[in-house]
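Peer 1: sequence plus predicted model, see below.
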Amino acid sequence: LFSLIVFCCLIGEGYTNVSTSPELFCIFNRNEDACRYGIGVGILAFLACVFFFMVDIYFPQISNATDRKYLVLADLGFSGLWTFLWFIGFCFLANQWAWTPATDVHIGADSARAAITFSFFSIFSWVSRAPVQR
């Protein structure tokens, strides 16, 4: 859920323009990489959550202990990796937001703050998901 919020905030109001130019730029200090990183991590996290949710549904039907072990290790490893990526994303977005001039922000400030906030919340949601044992 948090990844969707970050993704939607950046897609919806993460790009803006000045009144003198029709060209869009990222609201985070005009750094396109900040918006791309948040969007990329957000959409990949959502897709991974859907995949692991499907794995959790079919997990009781898997009888091979080796396959179960590899699925649990993949889930654990992915959760650890995504915790790290959300931490990097939070730091990156917060840093770029701190350096954003106030003159560049006409609309979208609330969405930028929401993206930063929910990327912070995502760190804890992925950490809490990592140590789950079956």
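Peer 2: Everything's here; your move. Numbering: from 1, shown residues only.
Peer 1: avg pLDDT for stretch 80-97?
Peer 2: Over the span of stretch 80-97, the pLDDT mean works out to 93.
Peer 1: quick one: contacts of it?
Peer 2: When contacts are defined by CB atoms under 8 Å, 6 or more residues apart in numbering, stretch 80-97 is touched by residues 6, 28-29, 31, 34, 37-38, 41, 45, 48, 112-113, 115-116, 119-120, 122-123, 126-127, 130. C-beta here means a position set from N, CA and C on the backbone, and glycine is covered the same way.
Peer 1: in that stretch, what's buried?
Peer 2: Buried residues in stretch 80-97, counted by 16 or more other CB atoms under 10 Å: 82-83, 85-87, 89-90, 92-94, 96-97.
Peer 1: and stretch 16-30, end to end?
Peer 2: 9 Å (CA to CA, to the nearest Å).
Peer 1: with stretch 19-30 instead?
Peer 2: 15 Å.
Peer 1: residues near residue 13, how many?
Peer 2: 17 (other CB atoms under 10 Å).
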